[in-house]
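Q: sequence first, then the predicted structure, then my questions.
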There are 2 protein chains.
Amino acid sequence: MLDLWTLQILAAVGRLGSFSAAAGELSMTQPAVSRQIATLERRTGVRLFERLPRGVRPTGAGRAAIEQAGRVLGEVALFETRMRDHATGRAGRVRVSAFPSAATSYVPERFRAFAALHPDVELSLTVGGDPGAAVVAGEVDVALLTSWDTPPKGVEVLPLLEDELLVALARDHPLAGGESVRLRELAAERWIDGTHPDCLGPVSRLAAALGGPPGISHVCDDWNGRQGLVAAGVGVMLYPAMAGAVRSDIRLLRPSPRLSRSVYAVSLPSPGAAVRAFLSVLARPA
Amino acid sequence: MLDLWTLQILAAVGRLGSFSAAAGELSMTQPAVSRQIATLERRTGVRLFERLPRGVRPTGAGRAAIEQAGRVLGEVALFETRMRDHATGRAGRVRVSAFPSAATSYVPERFRAFAALHPDVELSLTVGGDPGAAVVAGEVDVALLTSWDTPPKGVEVLPLLEDELLVALARDHPLAGGESVRLRELAAERWIDGTHPDCLGPVSRLAAALGGPPGISHVCDDWNGRQGLVAAGVGVMLYPAMAGAVRSDIRLLRPSPRLSRSVYAVSLPSPGAAVRAFLSVLARPA
DNA sequence: GAAAGGCATAAGCTGCGCGCATGCTTGACC
DNA sequence: GGTCAAGCATGCGCGCAGCTTATGCCTTTC
């Protein structure tokens, strides 16, 4: 097998035109260089240098070898810089999986903040599927979960924020006038829910606040669709504050008592520098 | 310093997804692979593989490393291919220096014959200068000399052919009618000569045939120019048979007694395979 | 619960490559 | 022309890197 050190010696000899000079530059002795070149010539079966009284001169094959050695060493240098970039977090890739309401406003804002700090790190986002399973399967590096989810075993959990849940009512709803609404007054409403993971959460908690189990009449997984349902007066829903603004024919009211869910980032233990950096951006207060 | 063997192990692990499998493919043991990867990870400061219960999986940095290692190994393979080509004479470069009259017909024909056999060898020709000196200086690989030249010390001399020298007369010259001409009849002619290396040769020999020293009235180093002088009836000249055809208003006659010069190829001792192949093409009878 | 597959670690050994010392050739200088 | 200096080749001994063997630990599977 060829050796990179041999190629480095070859390049130095080609550049300096002398075994002794190359040896000096590479902090080794002239005999070592001589042996290396001789071995390389024996293994390739080609004379690479003509030995002159004053140094050496590359043959045609020697010139080609020096040139090609330079290309190899260039790729090696690229290898080392890439690895250094990965080690320092300058380069890399962070694959994120998030639930839909996080993708509306929170994740894009954090992506922008991270990209400003680490322009060479590639970001990708997946919405949907099972974020926790994707992490343990290695399909994504970071998954955002809510307290409705149970994080899988063997992952690191980083609490990010407490996301308040608001009540979304049609603009012309009788209770839509104030800033807040007593949940008990919504006991008879028809509720809109999703299957996963932005749903109402543990129904037991909501039932306690309502004074009874909510009547879930509609199921829709898309937030735009849900907004349409609410605006049409078909039902009411909980809307996470982190999802941002809603259409103008919907009012968001703070429920009383307040409701909230926690948002976590989960990742495999001891992640790479890029993922570590991304987690630190996530954890930084907005 | 990075090691190519390490990169090869890295590539195998990336391809097979397992230390054990890579070890088997590379005819080594699993601990050796484990140590190599661990050392590489320590030196780069990046975790390259996640260790799973069933084999390993590359991290983001690992994927980048495997990819770049592939590029390095590709260049190395190219290195080895090129060296093999040079060893077998399939690739290479032959720089030739020739005197003007050889460049007219002989060298082009030999170049074409050689190129048919070795299409990947680069050929180049230099006419003029001191061919012998160019060989010892390493500027060219093969020089064509005539017996008028004295080959320098320390080169290999390969006799190629005996080049007959003809007498060129204007078409309307009184002696231009036959096939040959007695040199003694040309004793009073005005001779055209060049400075080097296609000149009359040792004047002593010509003088003996002429019955006295030739009267050299014109000196021109260009064969086209000389032909013009001869055609105009300004003088006569010797014309090497290897130079090929002349313009139609000139007659070539065989002198009596015959004159000739030897043509040699000289090269440095123990040349590369490409040069050796070229010399064998030169030496092959036309 | 036991067995097997796979990675990590420890210990010992081998071989490759380096440094040191020396010889040889060639060109330069007085 | 004789001596010196520069530079490459070679022989010898040694140190270190990396491999093999042996073993342990963890996880999965039957």
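A: The structure has been received and is ready for your questions.

Q: contacts, neighbours, all on C-alpha from now
A: Noted.

Q: element containing A:Arg15, please.
A: Assessed by DSSP states H and E, A:Arg15 sits inside helix A:4-16.

Q: how about A:Ser97, secondary structure?
A: strand (DSSP: H, G, I helix; E, B strand; the rest coil).

Q: which helices and strands sit right next to the next helix or strand after the helix holding A:Arg15?
A: Moving toward the C-terminus from helix A:4-16, the next helix or strand (DSSP H and E) is helix A:19-25. If you count contacts as 3 or more Cα pairs under 8 Å, 6 or more residues apart in numbering or on different chains; DSSP states H and E, helix A:19-25 packs onto helix A:4-16, helix A:30-44.

Q: and DNA strand D, is helix A:19-25 touching that?
A: Yes - counting by Cα under 7 Å from any atom of the strand, contacts between helix A:19-25 and DNA strand D involve A:19-21.

Q: in that helix, what's buried?
A: Neighbour-count burial for helix A:19-25, with 16 or more other Cα atoms under 10 Å in any protein chain shown as criterion, is recorded at A:19-23.

Q: so what's the residue lying farthest from the centre of chain A scoring on pLDDT?
A: Residue distances from the centre of chain A (Cα atoms, centre = their mean) peak at A:Pro53, which lies 60.5 Å from the mean C-alpha position. Note on A:Pro53: pLDDT of 87.

Q: nearest residue to the middle of chain A?
A: Central residue check for chain A by Cα atoms, centre = their mean: the C-alpha nearest the mean position is that of A:Val94, 2.1 Å away.

Q: now the closest residue to it other than its chain neighbours: how far from DNA strand C?
A: Nearest residue to A:Val94, sequence neighbours excluded (Cα to Cα, 6 or more residues apart in numbering or on different chains): A:Leu123, at 5.1 Å. Applying Cα to the nearest atom of the strand, to the nearest Å, the value for A:Leu123 to DNA strand C is 28 Å.

Q: and the host helix or strand of A:Leu123, what does it pack onto?
A: Secondary structure assigned from DSSP H and E places A:Leu123 in strand A:121-127. Helices and strands touching strand A:121-127, by 3+ Cα pairs under 8 Å, 6+ apart, are strand A:92-98.

Q: quick one: contacts of stretch A:142-161?
A: Stretch A:142-161 is contacted from outside by A:94-99, A:131-136, A:197, A:201-202, A:261-269, A:275, A:282-283, using Cα atoms under 8 Å, 6 or more residues apart in numbering or on different chains.

Q: narrow those residues to those that are buried.
A: Buried subset of these (neighbour count, 16+ other Cα under 10 Å): A:94-99, A:131-132, A:134-136, A:197, A:201, A:261, A:263-268, A:275, A:282-283.

Q: how is chain A carved up into domains?
A: Using automatic domain parsing, the domain ranges for chain A come out as A:4-88, A:92-160+A:263-283, A:164-259.

Q: out of those, which is closest to B:Leu175?
A: domain A:4-88 (51.7 Å; Cα to Cα).

Q: start to end distance for the closest one?
A: Using Cα to Cα, to the nearest Å, the end-to-end distance of domain A:4-88 comes to 25 Å.

Q: quick one: low-confidence ranges for the stretch 151-286 of chain A?
A: Along the stretch 151-286 of chain A, segments meeting pLDDT under 70 span A:286.

Q: one more time with 90, if that's ok
A: Residues of the stretch 151-286 of chain A meeting the criterion pLDDT under 90: A:151-156, A:177-178, A:194-209, A:211-212, A:217, A:244, A:256, A:268-272, A:284-286.

Q: residue numbers of it in contact with chain B?
A: Residues of the stretch 151-286 of chain A lying close to chain B by Cα under 8 Å from any Cα of the partner chain are A:Gly272.

Q: all helices for the stretch 151-286 of chain A, in order.
A: Applying DSSP state H, counting those that start in this stretch to the stretch 151-286 of chain A gives helices spanning A:203-210, A:223-231, A:273-283.

Q: include distance to A:Val142 when you put those helices into a markdown table, please.
A: Formatted as a markdown table, the helices of the stretch 151-286 of chain A follow (distance: least, Cα to Cα, whole Å):
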| stretch | distance to A:Val142 |
| --- | --- |
| helix A:203-210 | 27 |
| helix A:223-231 | 23 |
| helix A:273-283 | 8 |
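
Q: how about CSV for the ones you listed, with distance to DNA strand D added?
A: Formatted as CSV, these follow (distance: least, Cα to the nearest atom of the strand, whole Å):
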stretch, distance to DNA strand D
helix A:203-210, 33
helix A:223-231, 36
helix A:273-283, 23
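
Q: closest one to DNA strand C among those?
A: Nearest to DNA strand C among the helices of the stretch 151-286 of chain A is helix A:273-283; the distance by Cα to the nearest atom of the strand comes to 18.9 Å.

Q: buried stuff in the closest one?
A: Across helix A:273-283, burial judged by 16+ other Cα under 10 Å covers A:273-279, A:281-283.

Q: between those, which is closest to chain B?
A: The nearest member of those to chain B, counting by Cα to the nearest Cα, is A:Ala273 at 8.2 Å.

Q: ok, back up a step: for the helix holding A:Arg15, packing partners?
A: Partner elements for helix A:4-16 (3+ Cα pairs under 8 Å, 6+ apart): helix A:19-25, helix A:30-44, helix A:60-88.

Q: who touches stretch A:50-60?
A: Contact partners of stretch A:50-60, identified using Cα under 8 Å, 6+ apart, comprise A:14, A:17-19, A:47-49, B:92-93, B:272.

Q: distance across stretch A:233-247, terminal residue to terminal residue?
A: The first and last residues of stretch A:233-247 sit 14 Å apart, counting by Cα to Cα.

Q: what does that stretch rub up against?
A: A:101-106, A:163-170, A:173, A:189-193, A:200, A:217-218, A:226-227, A:229-230, A:252.

Q: quick one: which of these sit in strands?
A: Judged by DSSP state E, the contacts of stretch A:233-247 include A:163-170, A:190-193, A:217-218, A:252 as members of strands.

Q: so how do I select the buried members of the contacts of stretch A:233-247 in PyMOL?
A: Selecting the buried subset of the contacts of stretch A:233-247 in PyMOL, with 16+ other Cα under 10 Å as the burial test, is done by:
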select buried, chain A and resi 101+102+103+163+164+165+166+167+168+169+170+189+190+191+192+193+200+218+226+227+229+230+252
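
Q: wait, A:Gly178 touches A:Leu253, no?
A: Yes - counting by Cα atoms under 8 Å, A:Gly178 touches A:Leu253, with 7.4 Å between them.

Q: what sits against A:Val33?
A: Neighbour list for A:Val33: A:9, A:19-20, A:22-23 [criterion: Cα under 8 Å, 6+ apart].

Q: need the residues of chain A near DNA strand D, please.
A: A:17-21, A:30-32, A:34-35, A:38, A:51-56.

Q: just give me the neighbour total for the residue of chain A found nearest DNA strand C.
A: Per Cα to the nearest atom of the strand, A:Met28 is where chain A lies closest to DNA strand C, at 3.4 Å. Neighbour count for A:Met28, taken as other Cα atoms under 10 Å in any protein chain shown: 13.

Q: show me where pLDDT drops low in the stretch 1-150 of chain A?
A: The model of the stretch 1-150 of chain A has pLDDT under 90 over residues A:1, A:53-54, A:128-133, A:136-139, A:149-150.

Q: need the nearest residue in space to A:Val236, chain neighbours excluded.
A: Sequence neighbours aside, A:Trp191 is the residue nearest to A:Val236 in space, at 5.1 Å (criterion: Cα to Cα, 6+ apart).
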